[in-house]
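# All I have is the shape, not the residue letters:
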Ligand SMILES: Nc1nc2c(ncn2[C@@H]2O[C@H](COP(=O)(O)OP(=O)(O)OP(=O)(O)O)[C@@H](O)[C@H]2O)c(=O)[nH]1
């Protein structure tokens, strides 16, 4: 959660018709560090598909469900949220399949992307399946009536041009904080439940004084020599005044938040824990926080 000088971070939405190779691409770029929370119930608007962290950047890829022609009201609803997502992210990757003709599904997405102000890339996948001379025609086909900030042909399966694509994506990321710890991986769904326990206690104890946008990020959970699980979490607020409320007079409020949270966390983990809580003010957090909230748990369970 440190804000390092010059650090870049942002959210990237990947869209495309089914089978264009979105998952293959994500697996390649995220490798072992795929943060798919597939084993956690999802009622989410956006799924976080992968977090790619390097020394100087963190790129969070999110999947946008339901991009096809709306046939039902549910689809319609999903589409609406998908499009609102495009305004919130830092970059949209529109992925197409080089081996398939541009179809109604592509046109439908293109239409929706037309007036978007968020930067957008055209990613032409599966170029290993076509002859080099065919590529130009495909590019022309998609770009003659649409503007993209970048057009990048790749092979997700063989890896051609994928590193270059990542370099270009990074260029479009704004400066920002590291949203997730370096080691944020799939097999830690407890991180999110723990952060929700803490968030719940903050909201219960501070009532309306602290807005719902307060975020809690679990930085680490490790067993120490004392055989306790040491949980280190950061509470993030927008304003210094909120920090004051959360800490309370002489640290009283923070202590109470800690005591109550620890009780729940110990019950869940069936383990003794040591909880270390920090409070930070981070102004640009609120905009990005909706993604965190969508990160693999059922909001209503905790409301
Ligand atoms: N030849 C070739 N095949 C690819 C490439 N990328 C993906 N594929 C194949 O295309 C098929 C679909 O890939 P996925 O990654 O599952 O596609 P997806 O877009 O995630 O599909 P949905 O989950 O249905 O949205 C798989 O059989 C992949 O092996 C590529 O660069 N070249």
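Perfect, I can see it now. Values in this document were obtained by computation on a predicted structure and should not be read as measured data.
# for residue 243, helix, strand, or coil?
helix (DSSP: H, G, I helix; E, B strand; the rest coil).
# Hmm, residue 279 and it touching each other?
Yes: Residue 243 is in contact with residue 279 according to Cβ atoms under 8 Å; the separation is 5.0 Å. In short, each C-beta sits where N, CA and C put it, glycine included.
# Give the residue spans of this protein that score low on pLDDT.
By pLDDT under 70, the low-scoring segments of the chain are 1-4, 31-49, 63-84, 181-190, 192, 213, 284-303.
# Break it down into its domains, please.
Using automatic domain parsing, the domain parsing of the chain gives 8-171, 189-302.
# and the stretch 101-250 of the chain, which of its residues are near the ligand?
Listed as neighbours of the ligand in the stretch 101-250 of the chain under the rule Cβ under 6 Å from any ligand atom: 125, 126, 128, 129, 155, 156, 157.
# Can you show me the helices along the stretch 101-250 of the chain?
Secondary structure of the stretch 101-250 of the chain (DSSP state H, counting those that start in this stretch): helices at 104-113, 132-143, 162-171, 189-206, 240-247.
# Can you say which of the ones you listed is nearest to residue 233?
helix 189-206 (5.8 Å; Cβ to Cβ).
# on that earlier part again, quick check: which of the helices of the stretch 101-250 of the chain is buried the most?
Of all the helices of the stretch 101-250 of the chain, helix 189-206 carries the top mean neighbour count, a mean of 20, counting by mean count of other Cβ atoms under 10 Å.
# So which elements touch that one?
When contacts are defined as 3 or more Cβ pairs under 8 Å, 6 or more residues apart in numbering; DSSP states H and E, helix 189-206 packs onto strand 215-223, strand 229-237, helix 240-247, helix 252-269, helix 299-302.
# circling back to that earlier point, can you list the residues of the stretch 101-250 of the chain next to the ligand in TSV and add distance to residue 228 and neighbour count?
Compiled in TSV, these are given as follows (distance: Cβ to Cβ, whole Å; neighbours: other Cβ atoms under 10 Å):
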residue	distance to residue 228	neighbour count
125	48	27
126	51	22
128	51	14
129	54	13
155	48	21
156	43	25
157	45	16
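# Widest-spaced pair of those residues?
129 and 156 (11.4 Å).
# ok, back up a step: okay if I get the domains of the chain as a markdown table plus distance to residue 179?
Below are the domains of the chain laid out as a markdown table (distance: least, Cβ to Cβ, whole Å):
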| stretch | distance to residue 179 |
| --- | --- |
| domain 8-171 | 6 |
| domain 189-302 | 6 |
